[in-house]
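> Structure for this input, please:
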Amino acid sequence: MMNVSRPAIHPVDVIPVAPTTGAIDRPPVRMKDVQGMPGTTGGLILRLSQFIPALISVSVMVTTSDFRSATAFCCLVLAVSLQSLWSLSLFIVDAYALLVRRSLRNHSVVQCFTIGDGVTSTLTFAAASASAGITVLINDLGQCNVNHCTRFETATAMAFISWFAVSPSFILNFWSLATH
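So this is what the prediction gives:
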């Protein structure tokens, strides 16, 4: 038999909480309510900050006539398109959850968000890194007068910004899974 303390034998004292002065009485913030998690206002802002740079990156690349000249640029368009669709769909889910006051802290939902964030962030980072390498190569070879180096650099920078915004979402969701 295990040596376990039971409340009937060793009662647990309730620690009184000091009243707040002049502030609205709210329950204390629990670790589950960390801003940036799914279903919070911070999560909604993170999703929007992932979507906007990804959309700008796709728009800049697609409006460039010769982005198909390098495979890395095609991969960037594909990866950032996937990132923008993923971020937009989760933005809509987060907005709906906030409107109807629904919790998105279900294990299956958080697992789906974590896997999706991990896959899209990895693809976005890899494609942005490859595009940055090709853009530097084009610039070093002196081919910027023939190509649209400024547009390639802008699209690549926006992809990195989108990846940077996905990282907190992935880390928070992964942390939530690990502590669940």
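> Number of residues surrounding the closest residue to Q111 other than its chain neighbours?
Residue nearest to Q111 in three dimensions, not counting chain neighbours: L177, with 6.1 Å by Cβ to Cβ, 6 or more residues apart in numbering. No exception for glycine: its C-beta is placed from N, CA and C like everyone else's. By the measure other Cβ atoms under 10 Å, the count of residues near L177 is 14.
> just checking, L177 touches S108?
No. L177 is beyond contact range of S108, at 10.6 Å (criterion: Cβ atoms under 8 Å).
> can you pull out the helices in the chain?
41-62, 71-99, 107-140, 149-178 (DSSP state H).
> low-confidence ranges in the chain?
Residue ranges of the chain with pLDDT under 70: 1-33.
> 90 - rerun?
1-40, 42, 64-70, 98, 101-110, 138-149, 172-173, 175-180 (pLDDT under 90).
> which residue is nearest the middle of it?
Nearest to the mean C-alpha position of the chain, by Cα atoms, centre = their mean, lies V166 at 2.6 Å.
> ok, it touching G116?
No. Contact between V166 and G116 fails when scored by Cβ under 8 Å: they sit 9.8 Å apart.
> Apart from its neighbours in sequence, what residue is nearest A128?
Nearest to A128 is A159, by Cβ to Cβ, 6+ apart, at 3.8 Å.
> Phi first, then psi, for Q143.
phi -100, psi 10 (degrees, to the nearest 10).
> Sorry, wrong one. I was asking about T63.
According to degrees, to the nearest 10, T63 has phi -80, psi 0.
> ok, now how distant is it from H148?
9 Å (Cβ to Cβ, to the nearest Å).
> Look at the two and report which has more neighbours.
H148 (20 against 11).
> quick one: the residue nearest to Q111 and M61, what's the gap?
33 Å.
> that older thread, if I pick the residue nearest to the residue nearest to the centre of the chain when sequence neighbours are not counted, what's in contact with it?
Leaving out its chain neighbours, the residue that sits closest to V166 by Cβ to Cβ, 6+ apart is S121, at 4.2 Å. By Cβ atoms under 8 Å, 6 or more residues apart in numbering, the contact set of S121 is Q83, W163, V166, S167, F170.
> from those residues, which would you call buried?
Q83, W163, V166, F170 (16 or more other Cβ atoms under 10 Å).
> Quick one: residues contacting the closest residue to the last one other than its chain neighbours.
With Cβ to Cβ, 6+ apart as the measure, D117 is the residue that lies nearest to F170, at 4.0 Å, once sequence neighbours are left out. Contacts for D117 (Cβ under 8 Å, 6+ apart) come out as W86, V166, S169, F170, N173.
> Neighbours of the last one, how many?
Here the count is done by other Cβ under 10 Å, and N173 has 24 residues near it.
> Next, work out how far apart the residue nearest to it when sequence neighbours are not counted and R151 are.
What sits nearest to N173 in space, not counting adjacent residues and going by Cβ to Cβ, 6+ apart, is T114, at 4.1 Å. Distance of T114 to R151, computed by Cβ to Cβ: 33 Å.
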